[in-house]
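1. The following comprises the amino acid sequence and a computationally predicted model.
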Amino acid sequence: MPYKHSEDRRHQFKKPRYKVTNWPDYNAALKQRVDFTMWFTEEAIAQWCPAKTGARGRPTKYSNVAIETALFLRQVFHLALRQTEGFMNSLARALKVEISIPDFSCISKRSIGLQRHVLSNALEPGAVVIVDSTGLKVYGRDEWRQEQHDVAARRTWRKLHLAIDEHHQILACELTTPEVGDPTAVPDLLGQITTPFETFMGDGAYDGEPVAQAVLEKQPDAQVVIPPHKGAVLSTTGHTWRGKHIKTIAQEGRLMWQRITGYNFRSYVELAMQRYKRIFGNTMKARALARQKTEAWISASALNKMTSFGMPLSVEI
């Protein structure tokens with residue numbers, strides 16, 4: 001039950017307990033996430049150095065595959081740039097692969113213009129698109145120092161926008177400055193999704209005309225599940241889905257509306273943001289926005305890879 005609907009009687013409800021029904025499979029998946037079996041395929045070695053184009057100027061020494069591999073290892077193992085360079089050198093020696101490793105400066109500079117693949121192309125997306133955003137700290141004083149020494153936080157942070165499906169897969173991600181609102185990032189997120197979907201879902205922050213137009217332009221027959229504001233009224237013009245939600249809430253109540261529309265799926269994106277911060281941390285390594293965008297995309301790709309190994313199936317007991 002949502003907290004805001006039961007705040008005055010929260011003490012009367014027992015905390016729900018859940019049981020994982022596929023624990024053996026999920027236990028094996030957790031172990032596989034840190035399986036240290038690594039190799040360089042012949043295809044990756046062949047693409048490690050790009051072919052000469054004949055263009056003027058100094059040619060690029062390392063391909064996007066090499067830079068992406070370095071950044072991927074950096075995010076998964078929480079390494080600094082110099083540690084990433086040393087780690088890849090040790091891997092090349094251990095595997096006896098005759099390839100040169102990009103230095104830390106090259107990895108940092110090339111991450112700015114690194115071509116980002118579409119996340120949904122490597123997945124089998126579901127029929128539901130769920131969006132939300134969270135904050136990632138760039139730098140600033142931690143909570144302990146603020147409380148201990150009574151100093152200002154002076155934080156700088158970024159806003160991470162995620163779009164996931166009902167299978168916990170990240171379909172799109174976008175990193176912006178905190179001034180960018182949630183509805184403003186929706187067109188960019190939808191532009192990264194190349195497969196059709198049936199339902200678009202978000203919280204009340206996405207309730208508005210710009211979001212509805214962006215969704216219907218992308219998928220005209222999609223169902224939009226966004227809770228209208230408490231004081232929302234019916235309109236003679238506009239989209240019928242919003243008026244239908246207002247009528248259902250007025251007749252059945254907001255909690256029943258959640259069950260009817262499947263709005264409870266929206267908790268999946270909250271879980272995705274929690275998993276992102278627990279695995280990769282809530283602080284960004286890069287300082288420049290261009291590098292931070294690449295860092296967020298690499299982290300989302302790694303999280304999708306971990307999700308593919310298996311997720312827990314929980315039932316309430």
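-> Received it, and whenever you're ready, just let me know what you need. Just so you know, these numbers come straight off a predicted model, no measurement behind them.
2. Now do the same for Asn27: helix, strand or coil?
-> Three-state call for Asn27 (DSSP: H, G, I helix; E, B strand; the rest coil): helix.
3. Could you do His161 as well?
-> Three states are possible here, and by three-state DSSP the one that applies to His161 is strand.
4. Which residues are in contact with it?
-> Contacts here follow CB atoms under 8 Å, 6 or more residues apart in numbering; on that basis His161 touches 131-133, 173-176, 182, 185, 188-189. C-beta coordinates here come from the backbone N, C-alpha and C atoms, glycine included.
5. Count the neighbours of Gly243 for me.
-> A count of nearby residues for Gly243, using other CB atoms under 10 Å, gives 16.
6. I figured it hits Leu234, correct?
-> Yes. Taking CB atoms under 8 Å as the contact criterion, Gly243 and Leu234 are neighbours in contact, 5.1 Å apart.
7. before we move on, the earlier item: generate a ChimeraX selection restricted to the buried subset of the contacts of His161.
-> Those of the contacts of His161 that count as buried under 16 or more other CB atoms under 10 Å are selected in ChimeraX with:
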select :131,132,133,173,174,175,176,182,185,188,189
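8. Tell me if I am right that Val131 is in a strand.
-> Yes. When three-state DSSP is applied, Val131 is found to be in a strand.
9. residues touching it, list them.
-> 161-163, 182, 186, 189, 200-202, 206, 269.
10. Go through those residues and flag which are in strands.
-> In this view, the contacts of Val131 that belong to strands under DSSP state E are 161-163, 200-201.
11. This structure: strands as residue ranges?
-> Under DSSP E, the chain gives strands at 18-20, 128-139, 156-164, 170-176, 199-201, 223-225, 314-316.
12. I'd like to know which of those strands is closest to Ile99.
-> strand 170-176 (29.6 Å; CB to CB).
13. What pLDDT is listed against Asn64?
-> Here the pLDDT value assigned to Asn64 is 92.
14. What about the residue nearest to it when sequence neighbours are not counted, how many residues nearby?
-> Distance criterion CB to CB, 6 or more residues apart in numbering; nearest residue to Asn64, sequence neighbours excluded, is Gln115 at 5.6 Å. A count of nearby residues for Gln115, using other CB under 10 Å, gives 8.
15. Gln115 against Ser63, yeah?
-> No. Taking CB under 8 Å as the contact criterion, Gln115 and Ser63 are not neighbours in contact, 10.3 Å apart.
16. ok, back up a step: which of the contacts of Val131 has the most neighbours?
-> Scoring those on neighbours with other CB under 10 Å, the highest-scoring entry is Ala163 at 30 neighbours.
17. where do the helices sit along the protein?
-> With DSSP state H, the ranges of helices along the chain come out as 23-33, 42-46, 64-77, 81-95, 104-110, 143-149, 182-191, 209-218, 240-252, 254-261, 267-280, 289-309.
18. a markdown table please, covering those helices and showing distance to Trp157.
-> A markdown table is the format used below for those (distance: least, CB to CB, whole Å):
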| stretch | distance to Trp157 |
| --- | --- |
| helix 23-33 | 27 |
| helix 42-46 | 35 |
| helix 64-77 | 18 |
| helix 81-95 | 22 |
| helix 104-110 | 21 |
| helix 143-149 | 14 |
| helix 182-191 | 15 |
| helix 209-218 | 23 |
| helix 240-252 | 32 |
| helix 254-261 | 30 |
| helix 267-280 | 12 |
| helix 289-309 | 10 |
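19. mean pLDDT for those helices: which is lowest?
-> When the helices of the chain are compared on average pLDDT, helix 143-149 comes out lowest at a mean of 66.
20. Tell me who's in contact with Lys285.
-> Residues in contact with Lys285, defined by CB under 8 Å, 6+ apart, are 74, 80, 295.
21. For those, pick the one with the most neighbours.
-> Of all these, the highest neighbour tally under other CB under 10 Å goes to Arg74, namely 23 neighbours.
22. Could you give the separation between the terminal residues of stretch 57-65?
-> 21 Å (CA to CA, to the nearest Å).
23. model confidence over stretch 195-205, on average?
-> Stretch 195-205 carries an average pLDDT of 93.
24. now that stretch, how far from the chain's geometric center?
-> 15 Å (CA atoms, centre = their mean, to the nearest Å).
25. cool, stretch 55-70 as well?
-> Between the centre of stretch 55-70 and the centre of its host chain there is 27 Å, according to CA atoms, centre = their mean.
26. Over to stretch 166-182?
-> For stretch 166-182, the gap between its own C-alpha mean and the chain's C-alpha mean amounts to 6 Å (CA atoms, centre = their mean).
27. Kindly report the same for stretch 30-40.
-> Distance of stretch 30-40 from the chain centroid (CA atoms, centre = their mean) equals 22 Å.
28. related to what we said a few turns ago, and of the strands of the chain, who's closest to Thr248?
-> Checking the strands of the chain against Thr248 by CB to CB gives strand 223-225 as the closest, at 10.9 Å.
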